[in-house]
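Novice: Here is a sequence together with a model predicted from it:
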Amino acid sequence: MFRRRRPEDSADPSVDPTAGTEGADDEDAADDVARDDTAATSVVAGPHDVSDAPQDDVVRLDLGGLLVPGVDGMELRLDVDEASGSVVAVTVVNGESAVQVMAFAAPRTTGIWDDVREEIRASLAAQGPVEEASGTFGRELLATLVVAGPQGQSAMQPVRFVGIDGPRWFVRGLFSGPAARQAVDAAPLEDVLRAIVVVRGNDPMAPGDPLPLHVPGELPEGLARAGEEGRDQMLPPERGPEITEIR
């Protein structure tokens, strides 16, 4: 399934979506994921830069700055900024779990995840404890947020932030649902995150600027389509979760 999301689908509309890196210099203008600090960290092995993209048979959806693999049984949703109409993220949903992926420009020589992690921690501190831990992508943040349910009632939702610094780009993954805590639920979504290819481009961008994303023109051959009486995977635009966005 491939679709977009509305504001009411947002995981946490109370958190400022613009929280992230600020004041950066311009560039060219065993099921528990909540591991303690002593836990071993595995090799990330992805996402990949387009210059080093794997030569595999994986079918990826071209969103511009991100090439996202399509996986049978998972749903891809485009997250759209309501004010500008721009695509700002893609969310991959697997059952009750999801990972939202956002990509940004970064400096040539240094990563930005350490700074971003501290800004996310500060933005979430008012809502409750935020724990830093070692996970499959290195240092990550674990939190539990108050979210609005379908009938407007309050509910608690666990979330997990991971960050990957690449060559002149940075990818942030936000896991929610069971995948935010349970490794068995996180593993399929982590595999999708690792298989993503990042297309940074050569245009000058300030560190923290989002990589341009767009709606794909057509689904590539081999990408599974919805099976509900032949309904197409391309559904009308909706807006997505707004927990954090880096500016």
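Specialist: Yep, it's here.
Novice: looking at the protein, which helix or strand is least sure?
Specialist: Within the chain, no helix or strand scores below strand 2-4, which has a mean of 46 by mean pLDDT, DSSP states H and E.
Novice: continuing past that strand, what's the next helix or strand?
Specialist: strand 48-49 (DSSP states H and E).
Novice: quick one: contacts of that next one?
Specialist: For strand 48-49, contacts defined as C-beta atoms under 8 Å, 6 or more residues apart in numbering pick out P54, G166, P167, W169, A195, I196, V197, V198, R200. Every residue, glycine included, has its C-beta placed from N, CA and C.
Novice: Can you report the mean pLDDT over the residues of that strand?
Specialist: Mean pLDDT, computed over strand 48-49, is 96.
Novice: list the helices and strands the helix or strand just after that strand packs on?
Specialist: Tracing the chain past strand 48-49, the next element assigned as helix or strand by DSSP H and E is strand 60-62. Where contact means 3 or more C-beta pairs under 8 Å, 6 or more residues apart in numbering; DSSP states H and E, strand 60-62 is packed against strand 66-69.
Novice: where does the strand it packs on sit relative to the chain's centre, distance-wise?
Specialist: When distances are taken as C-alpha atoms, centre = their mean, to the nearest Å, strand 66-69 is centred 11 Å away from the chain's centroid.
Novice: Begin at 10, not 1, for the rest of this chat.
Specialist: Sure, I'll start numbering at 10, so the last one becomes strand 75-78.
Novice: about what we covered before: among the contacts of strand 57-58, which ones are buried?
Specialist: G175, W178, A204, I205, V206, V207, R209 (16 or more other C-beta atoms under 10 Å).
Novice: Format those residues as TSV; extra columns: pLDDT.
Specialist: Compiled in TSV, the buried ones among the contacts of strand 57-58 are given as follows (pLDDT from 0 to 100):
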residue	pLDDT
G175	96
W178	97
A204	96
I205	97
V206	97
V207	97
R209	95
